[in-house]
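# I'll drop the sequence and a predicted model, then ask my questions.
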Amino acid sequence: MNHISINTPKKDLLWQNLGFEYIRTDFRFVAQFKDGKWSEGGLIESENMEIHEGSPAIHYAQQCFEGLKAQTAKDGRILLFRPRLNSERMNQTAKRLLMPEVPKDLFMRGVFETVRANQPWIPPYGTGASLYIRPLLIGIGENLGLRPAKRYEFRVFVSPVGPYYKGSGLSVISLAVTDIDRAAPLGTGNVKAGSNYAGGLLATRKAQELGANEALYLDAKTRVYLDEAGSANILLAMKGNRFVTPQSEAILPSVTRKSIMILADKELGMKTEERPVNLLKEIDEFEEVAACGTAAVLSPVGKIWVNDRWYPFYGNGVKVGPVMQKLYDLLTQIQKGERPDNFGWTVSV
Ligand SMILES: Cc1ncc(COP(=O)(O)O)c(C=O)c1O
């Protein structure tokens, strides 16, 4: 389908002012799974879906999603960041929820075609904005009892976005430890099921009432160890040149975190560890804290609310520390093609 030429002019948006909101773009990719096989799939224009009222996705949350970004590089290329990891994670989620896997080729074609077809909506280089890509997989079709759907839709849509947290590219955020549990140890916390998020809306609201940006979850079993934030993993620069991230069977394995751990090790020469982190026992050792994810990128955390008080970190909780600044720069420079991609992480669309 030849919807667009590479020279189509950009949309007239105030790219620098974009927040993290849905903006309708021209095309989305849709494929359907029926009678044991996937359709070819292709681009469509309508952002509305008509699905059966009995669809398991809307009753029993048999659905999942992914999130990744495309960026315009300095030389004009459009770069994706480690998209195959999103394909693999979607299939891990699909398996856990008894949904059919989306073949890697179909996933990649869906992402590539949607990005290419919406070229006028891809934020230009240097604006601080990017194109957020949202693949989703949902169980559809007539159903009543609790059982897997017989049919599925895989869809990819995109939206130009700015920073997830209000403020500039690298603004300091705060988190509040919540008394709500996000995920059970043997539940679905380690996959990207939509059902993990509805239960967290209340935790986020309560955190925001305390003046924090987001909720910070402890492990549901002991409520002693750090799990993650509502939509981001946690990173800790600890005393003694150590760089630590919480290990837990109930958190989403973040593509961003996996990459930053490598940068901390290989580029900053820090001693990296993925291990359980006892929050109250270790909090005095935290020099710098950050939340990370596709949407959050790397967001320094200035302070955390625990047991009715704030614990500030670097620069009394208002400044970005040197370790997180360096890691943010390294990651975003690779993502925007501003430094050599020594790890082979970017894919040109
Ligand atoms: C609960 C949760 N944790 C962590 C992340 C970060 O993962 P990634 O870096 O793969 O975007 C996300 C966002 O995708 C998330 O929703």
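Now that the structure is in, tell me what you want to look at. Numbers count the residues shown, from 1 in each chain.

# Flag the shaky bits of the stretch 51-200 of the chain, pLDDT-wise.
167-169 (pLDDT under 70).

# For it, which segments are assigned as helices?
56-59, 83-96, 104-117, 195-198 (DSSP state H, counting those that start in this stretch).

# What residues does the stretch 51-200 of the chain have near the ligand?
residue 67 (CB under 6 Å from any ligand atom). C-beta coordinates here come from the backbone N, C-alpha and C atoms, glycine included.

# Tell me the residue of the stretch 51-200 of the chain that sits nearest the ligand?
Nearest residue of the stretch 51-200 of the chain to the ligand: residue 67, at 4.8 Å (CB to the nearest ligand atom).

# That residue against residue 132, yeah?
Yes: when contacts are counted by CB atoms under 8 Å, residue 67 is listed as touching residue 132 (6.7 Å).

# any common contacting residues for those two?
294-295 (CB atoms under 8 Å, 6 or more residues apart in numbering).

# quick one, which of these two is more surrounded?
When residue 67 and residue 132 are compared for neighbours, residue 132 comes out ahead with 22 against 16, by other CB atoms under 10 Å.

# ok, now which ones touch that one?
Residue 132 neighbours (CB under 8 Å, 6+ apart): 20, 67-69, 158-161, 294-295.

# For the residue positioned nearest the centre of the chain, give me its contacts.
What sits nearest the mean C-alpha location of the chain, by CA atoms, centre = their mean, is residue 294, with 3.9 Å. Residue 294 makes contact with 67-69, 81, 132, 255-256, according to CB under 8 Å, 6+ apart.

# Can you verify my assumption that residue 258 contacts residue 85?
Yes: at 7.4 Å, residue 258 counts as touching residue 85 under the criterion of CB under 8 Å.

# In stretch 116-123, which residues are buried?
116-119, 121-123 (16 or more other CB atoms under 10 Å).

# what does stretch 46-57 give?
Buried, per 16+ other CB under 10 Å, within stretch 46-57: 55-57.

# now stretch 266-286
Neighbour-count burial for stretch 266-286 [16+ other CB under 10 Å]: 267-268, 270, 272, 277, 279, 282-283, 286.

# among the residues you listed, which are in helices?
279, 282 (DSSP state H).

# The buried residues of stretch 266-286: which two are farthest apart?
267 and 279 (27.6 Å; CB to CB).

# returning to that earlier point: as a markdown table, the contacts of residue 132 with distance to residue 228 would be great.
Converted to a markdown table, the contacts of residue 132 look like this (distance: CB to CB, whole Å):
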| residue | distance to residue 228 |
| --- | --- |
| 20 | 18 |
| 67 | 15 |
| 68 | 18 |
| 69 | 19 |
| 158 | 25 |
| 159 | 24 |
| 160 | 26 |
| 161 | 21 |
| 294 | 14 |
| 295 | 13 |
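
# Out of those, which end up buried?
Looks like the contacts of residue 132 have 67-69, 158-161, 294-295 buried, using 16+ other CB under 10 Å.
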